[in-house]
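Undergrad: structure, please.
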Amino acid sequence: MIYSLIRSDLRAKAQWMYGGVTRRTILKTLLTDGTFAMLCYRLMQACQRRRLTPLAMIFNKLVPCIIGRGADFGPGFVLIHSNGVVINTGVRGGTNIFIEHQVTIGAEKQQAPLLGDDIFIGAGAKILGGVRIGSHVKIGANAVVTKDVPDGATVVGIPARVVKLYGQPVAENRS
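TA: Residues are numbered from 1 along each chain as shown. Reported below is the predicted structural model:
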């Protein structure tokens, strides 16, 4: 299971960064920023599931960002850049989650975000509290998400607001 998750993560990152999955792009991916953090996260997750807590703690400390030991993401978890990333232990994410640098996905009042599938989170974005992020969502750089985001949305700003749904502009409601 762990090997298939790692393979899926590497393939997703190679496709994202180099537009294809070949031996060459996988090798280049292994040498890029964020990949070591992705590997440490998957090894930490595997140790945690096997109740090898001391080993999980070691991998947790090796990760060059902060990812809680209980955080759980499906296949295709990609840290494009790992610098400054903070993910709470209660966070749950689906498949194909792409995260830029300086992103925080954090709990508030014991409630952590739940992320769907096929999500891009731009640099510096913050997702806070017990919000649900739908599938096929793009979160713009420096956006602060404190409310649920529907499927297919693109959100930007502070606080984050929906500007597109499935690629179509959304008329702003100026009350």
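Undergrad: ok, and what's touching the lengthiest helix in the chain?
TA: The helix of greatest length in the chain, counted in residues with DSSP state H as the criterion, is given as helix 2-18. For helix 2-18, contacts defined as CB atoms under 8 Å, 6 or more residues apart in numbering pick out 20-22, 25-26, 28-30, 32, 34-35, 38-39, 42-43, 45-46, 75-78, 80, 96, 98. In short, each C-beta sits where N, CA and C put it, glycine included.
Undergrad: just the buried residues of these.
TA: For the contacts of helix 2-18, a burial check counting by 16 or more other CB atoms under 10 Å picks out 25, 29, 32, 34-35, 38-39, 42-43, 45-46, 75-78, 80, 96, 98.
Undergrad: just the contacts of helix 2-18: which are in helices?
TA: Residues from the contacts of helix 2-18 lying in helices, with DSSP H as the criterion: 25, 26, 28, 29, 30, 35, 38, 39, 42, 43, 45, 46.
Undergrad: and the fifth one, what does it touch?
TA: It refers to residue 30. residue 10.
Undergrad: for it, give its distance to residue 36.
TA: As defined by CB to CB, to the nearest Å, residue 30 lies at a distance of 9 Å from residue 36.
Undergrad: also the fourth one?
TA: From residue 29 across to residue 36, the span is 11 Å (CB to CB).
Undergrad: swap in the first one?
TA: The spacing between residue 25 and residue 36, counted by CB to CB, is 17 Å.
Undergrad: same check, this time on the last one
TA: Residue 46 is 16 Å from residue 36, where distance means CB to CB.
Undergrad: wait, residue 34 sits on residue 77?
TA: No: with contact taken as CB atoms under 8 Å, residue 34 and residue 77 are classed as non-touching, separated by 10.5 Å.
Undergrad: name the helix or strand for residue 58, please.
TA: Secondary structure here is read from DSSP states H and E; on that basis residue 58 sits in helix 53-62.
Undergrad: could I have that helix exported to PDB, CA atoms only?
TA: What follows is the C-alpha trace of helix 53-62 in PDB, where atoms were taken according to Å, rounded to 0.1, in the frame of the first residue of the first chain:
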ATOM      1  CA  THR A  53       4.700   5.500  17.100                       C
ATOM      2  CA  PRO A  54       8.400   6.100  17.900                       C
ATOM      3  CA  LEU A  55       9.400   5.600  14.200                       C
ATOM      4  CA  ALA A  56       6.400   7.700  13.100                       C
ATOM      5  CA  MET A  57       7.700  10.500  15.400                       C
ATOM      6  CA  ILE A  58      11.200  10.300  13.800                       C
ATOM      7  CA  PHE A  59       9.800  10.600  10.300                       C
ATOM      8  CA  ASN A  60       7.600  13.500  11.500                       C
ATOM      9  CA  LYS A  61      10.700  15.300  12.700                       C
ATOM     10  CA  LEU A  62      12.400  14.700   9.400                       C
END
